[in-house]
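In: when you get a sec, could you give me coordinates for this:
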Amino acid sequence: MFYYPVMGPQDDTLRPHQRARARGAVSNATGRYETATHWAFDDGWDVPEEDRLIRTEVRLERPRSAITYNRSPDLPFDRSINPYRGCEHGCIYCFARPTHAYLNLSPGLDFETKLIARPGIGKVLEQELRAKSYIPRTIALGTNTDPYQPIEAEHGVMREVLEVLHDFHHPLAIVTKGAMVERDIDLLAPMAAQGLARVGLSVTTLDPTLARRLEPRAAAPARRLAAIRRLSEAGIPVRVMVAPVIPGLTDPELETILDAARDAGAVAASWIMLRLPLEISPLFQEWLEAHAPGRAAKVMARIRETHGGRDYDPEWGRRMRGQGIWSDLIGQRFDKAVARLGLLVPQPPLRTDLFHPPPRAGDQLTLF
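Out: Numbering: from 1, shown residues only. From the prediction side, this is the model:
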């Protein structure tokens, strides 16, 4: 079998000798910025190729900046930090998948198998926080790719970031599906006690079989509920995020998820409608045909009804919730459930008045 770069329609299927196990995407479409794609064809040779399992590859990046700023009116924060690019959790619906195209990689399997870690980001962050012009506001972690994906156990980049924010008494909000967040209770608990930290744990479904297909390498639903309980017992405010809600697939579980999370100790809740921008729509539709073919047409019809007939509506104010009858019904169900359960929407702001850069060796001491 020979692989040849060509111009024109892409062949995004796996090569015959490649195997994917516990991955979300079922294809590896060429990134939208590439000028060439690859076609596989039989070159006439009868030499068999070795059957290979697609494994996770991690490359290292020397970060030049740590904090990313945004001006989105849909987001409750204006700055974030991303310790990793790509995410091994492999959630098929992940809205960050298209960002891999900027790296000349595919938003498909490349996004979950070709990852980039950013060691040394802690020192860069420290320099940015020490700038005289810096004004502290809550830093969001995990808003693009998950900071507690499996490779964090080896690379510890998220731990670097937390240690700096802890030492500077800087407010932070974490979003994750990873139970590894429990590792950092020693830093998060004292920060939470000062009003400096909270955690959002995403629970998409309580069905372990569906979760394994939707989010193949993320913590199982029961394990996430256990993490909510441990964090809550340590005094760390936890928000359950029913995100994304997939109409026609996971939306029947909305109230059940909120009940289970509240029982585990969650004090707040939020929800977001499924979004399918750019490459995510074809990837998600492939996933539906592979894992839920009987529901594929219904799910896509519901999604399009919530986005004005399109797979995705990028309009500010609508992209997170959608519009129409299904969006309204889900919103009403959510509002009634959180009122019944006493869950906060939204949470109170974190403190910024405690921010203080720690002294360095050689710094001149102040008189007060």
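In: residue ranges of the strands in the stretch 51-200 of the chain, please?
Out: Ranges of strands in the stretch 51-200 of the chain, per DSSP state E, counting those that start in this stretch, are 52-53, 57-60, 67-69, 79-81, 84-85, 114-117, 139-141, 172-176, 197-202.
In: same list (those) but as TSV, adding mean neighbour count and distance to Ala261.
Out: For every residue, glycine as well, the C-beta is placed using N, CA and C. TSV is the format used below for the strands of the stretch 51-200 of the chain (neighbours: other C-beta atoms under 10 Å; distance: least, C-beta to C-beta, whole Å):
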stretch	mean neighbour count	distance to Ala261
strand 52-53	9	35
strand 57-60	12	32
strand 67-69	13	29
strand 79-81	21	24
strand 84-85	23	26
strand 114-117	21	29
strand 139-141	23	20
strand 172-176	23	14
strand 197-202	24	8
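In: make CSV from the ones you listed and add mean pLDDT and distance to Pro357 to it.
Out: Listed next are these as CSV, based on pLDDT from 0 to 100; distance: least, C-beta to C-beta, whole Å:
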stretch, mean pLDDT, distance to Pro357
strand 52-53, 80, 47
strand 57-60, 97, 27
strand 67-69, 96, 15
strand 79-81, 97, 17
strand 84-85, 98, 26
strand 114-117, 98, 26
strand 139-141, 97, 15
strand 172-176, 98, 16
strand 197-202, 98, 18
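In: same list, those strands, but as a markdown table with distance to Gly324 please.
Out: Below are the strands of the stretch 51-200 of the chain laid out as a markdown table (distance: least, C-beta to C-beta, whole Å):
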| stretch | distance to Gly324 |
| --- | --- |
| strand 52-53 | 43 |
| strand 57-60 | 42 |
| strand 67-69 | 32 |
| strand 79-81 | 30 |
| strand 84-85 | 34 |
| strand 114-117 | 37 |
| strand 139-141 | 29 |
| strand 172-176 | 27 |
| strand 197-202 | 24 |
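In: ok, the residue nearest to Ser65 when sequence neighbours are not counted - how many residues close by?
Out: Spatial nearest neighbour of Ser65, excluding adjacent residues (C-beta to C-beta, 6 or more residues apart in numbering): Val124 at 6.5 Å. Other residues within reach of Val124, judged by other C-beta atoms under 10 Å, total 20.
In: looking at it, Val124 is touching Arg64, isn't it?
Out: Yes - using C-beta atoms under 8 Å, Val124 and Arg64 qualify as a contacting pair, with a distance of 7.2 Å.
In: what's the lengthiest strand in the chain packed up against?
Out: Ranked by residue count under DSSP state E, the longest strand found in the chain is strand 238-245. On a contact count with 3 or more C-beta pairs under 8 Å, 6 or more residues apart in numbering; DSSP states H and E, strand 238-245 meets strand 197-202, helix 221-233, helix 254-264, strand 268-273.
In: alpha carbons of the lengthiest helix in the chain, as CSV, please.
Out: Secondary structure of the chain read by DSSP state H shows that its longest helix is helix 325-341. Presented in CSV, the C-alpha positions along helix 325-341 are these (Å, rounded to 0.1, in the frame of the first residue of the first chain):
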residue,chain,number,x,y,z
ILE,A,325,-38.3,24.8,21.5
TRP,A,326,-35.7,22.2,22.5
SER,A,327,-33.3,24.8,23.9
ASP,A,328,-36.2,26.4,25.8
LEU,A,329,-37.4,23.1,27.2
ILE,A,330,-33.9,22.1,28.4
GLY,A,331,-33.4,25.5,29.9
GLN,A,332,-36.7,25.3,31.8
ARG,A,333,-36.0,21.8,33.0
PHE,A,334,-32.6,23.0,34.3
ASP,A,335,-34.0,26.0,36.0
LYS,A,336,-36.6,24.0,37.8
ALA,A,337,-34.1,21.3,38.9
VAL,A,338,-31.5,23.7,40.3
ALA,A,339,-34.2,25.6,42.2
ARG,A,340,-35.5,22.3,43.7
LEU,A,341,-32.0,21.2,44.6
